[in-house]
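Q: Could you work out the structure for the sequence below:
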Amino acid sequence: MSTIAVFVALGGGAYAVSVPRNSVGPAQLKRGAVTTDKVKNRSLLLGDFKPGQLALGSAARADDLDPPAKAPGATVASMSIQTRTAGRVFVLGVLRDPFLSCGDQPCTAQWGVYVDDKPVPDTGVTLSAQAGEGDGRVYHTLYGVSAKLPAGKHQVRIARTDSAGIASVGQIGSQLGALQLSG
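A: Residues are numbered from 1 along each chain as shown. Here you go, the predicted model:
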């Protein structure tokens, strides 16, 4: 009996376990068992998910207005994006300290994002004031998704349309970005 005990102690004990396919999940993993070093060279793509499996987040805008449909009067920021395939473009514009002051009559100014001179829905913000008064915001984000575009080069811009009677209008700063959405 002591010989068997010494043999087991020196030889160690090992046995094989067969684990059924897809049987290991979150309940079987210890906290911290999966780290970024173990999965760092893997990116998930939209195609990795089944339809309806990926829950998309939601967001909100302050104004949710459409920019004017006519060609805008003043370009605030512009850029171009080259798309490889037909698809939609997500645009993100930021206005820092947009302001408006009116002269002797009420006035308005409306900012929005345009792709190829077509308004991107829900990206508008409007400032308005009475005669001799002003309006402004500290910071405003304009974002949305364009209509489907063909492959090629596209012009993206933040533009502003002004009414009559404006004494001064503008913004302290602006930024603009765009990326093509797949699918």
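Q: alpha carbons only for contacts and neighbour counts from here, please
A: Noted.
Q: where in the chain is pLDDT low?
A: Along the chain, segments meeting pLDDT under 70 span 1-19, 36, 38-47, 49, 52-64, 71-72, 183.
Q: What ranges does it have for its helices?
A: 2-11, 36-39 (DSSP state H).
Q: Endpoints of stretch 74-92, how far apart?
A: Start and end residues of stretch 74-92 are separated by 18 Å (Cα to Cα, to the nearest Å).
Q: And for stretch 87-105?
A: Stretch 87-105: ends 44 Å apart by Cα to Cα.
Q: For Leu176, which non-adjacent residue is spatially closest?
A: Leaving out its chain neighbours, the residue that sits closest to Leu176 by Cα to Cα, 6 or more residues apart in numbering is Gly93, at 4.4 Å.
Q: Would you check that that neighbour makes contact with Gly144?
A: No - in this structure Gly93 lies outside contact range of Gly144 using Cα atoms under 8 Å: 9.2 Å.
Q: overlap in contacts of the two?
A: Residues touching both Gly93 and Gly144 (Cα atoms under 8 Å, 6 or more residues apart in numbering): none.
Q: for Leu142, which residues make a bridge with it?
A: Taking DSSP bridges as the rule, Leu142 bridges to Gly93.
Q: I figured it was touching Thr123, is that so?
A: Yes - look at Leu142 against Thr123 with Cα under 8 Å: they come within range, at 4.9 Å.
Q: Find residues that contact each of these two.
A: Common neighbours of Leu142 and Thr123, counting by Cα under 8 Å, 6+ apart, are Gly112, Val113.
Q: Next one: Leu149 from Thr83, what distance?
A: For Leu149, the distance to Thr83 - Cα to Cα - is 9 Å.
Q: Same question for Lys30.
A: If you measure Lys30 against Thr83 using Cα to Cα, the figure is 44 Å.
Q: Tell me which of these two has more neighbours.
A: A count of neighbours by other Cα atoms under 10 Å puts Thr83 above the other of Lys30 and Thr83, at 18 against 8.
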